[in-house]
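1. sharing a sequence plus its predicted fold:
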Amino acid sequence: MSLSDFPAPDEGILLSFFLTVGDVSRSRAFYRDVIGGRVVLEENPCTLRVANSWLIMNPGGGPTPDKPATTLRPPEPGDPVSCFLNIRVADIWSVYREWSEKGAEFLTPPLDREAELRCYLRDPDGYLIEVGQATGMLRGRFADPPPK
């Protein structure tokens, strides 16, 4: 690993996303082999560069002095979703075909939502990943507001 590859800005801030995973090697392989991330650090914590972002992954665990009363764990089946990865792509159908061939299991094929084409998949720990391609948004057609 080159230190220049590690997500540590010289100034300002840099946003990365942390995933608590059940099996670091399994998750690393998924985000590397299916999603196309580049491994920057294998473990402790596993760090991948994915396009213009970073994913950081480590196993869960109990409270620590800097996060008292906080336990980290991957989602359990049936857990409500409170956040998810949102991946924007230029050609959703080619990404859908490519990732499906690599073993990704999408919940549905891409659906036309008028503002965008969109589909979802889950990673090996059950984290939800949205894959979207802006279509109508580029012409001023945005998602309908949620019902009141």
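-> Yep, that arrived.
2. list the contacts of the residue nearest the centre of the chain.
-> Closest to where the C-alpha atoms of the chain average out (CA atoms, centre = their mean) is Leu85, at 3.7 Å. Counting by CB atoms under 8 Å, 6 or more residues apart in numbering, Leu85 makes contact with Phe17, Tyr127, Leu128, Ile129, Glu130. In this view, the C-beta of every residue, glycine as well, is placed from N, C-alpha and C.
3. closest one of those residues to Glu116?
-> Ranked by distance to Glu116 (CB to CB), the contacts of Leu85 are led by Glu130 at 9.8 Å.
4. rewinding a little: closest one of the contacts of Leu85 to Gly62?
-> Taking CB to CB as the measure, Gly62 lies nearest Tyr127 of these, at 20.7 Å.
5. that older thread, in JSON lines, list the contacts of Leu85 along with distance to Pro77 and secondary structure.
-> JSON lines is the format used below for these (distance: CB to CB, whole Å; DSSP: H, G, I helix; E, B strand; the rest coil):
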{"residue": "Phe17", "distance to Pro77": "21", "secondary structure": "strand"}
{"residue": "Tyr127", "distance to Pro77": "12", "secondary structure": "coil"}
{"residue": "Leu128", "distance to Pro77": "12", "secondary structure": "strand"}
{"residue": "Ile129", "distance to Pro77": "16", "secondary structure": "strand"}
{"residue": "Glu130", "distance to Pro77": "19", "secondary structure": "strand"}
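6. C-alpha coordinates for the lengthiest helix in the chain, CSV please?
-> In the chain, with assignment by DSSP state H, the single longest helix is helix 92-101. Taking Å, rounded to 0.1, in the frame of the first residue of the first chain, the C-alpha atoms of helix 92-101 are listed here in CSV:
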residue,chain,number,x,y,z
ILE,A,92,-27.1,0.8,-15.4
TRP,A,93,-27.9,-2.1,-17.7
SER,A,94,-24.2,-2.9,-18.4
VAL,A,95,-23.5,-2.7,-14.6
TYR,A,96,-26.5,-4.9,-13.9
ARG,A,97,-25.3,-7.6,-16.4
GLU,A,98,-21.6,-7.4,-15.4
TRP,A,99,-22.3,-7.6,-11.6
SER,A,100,-24.9,-10.3,-12.1
GLU,A,101,-22.4,-12.4,-14.0
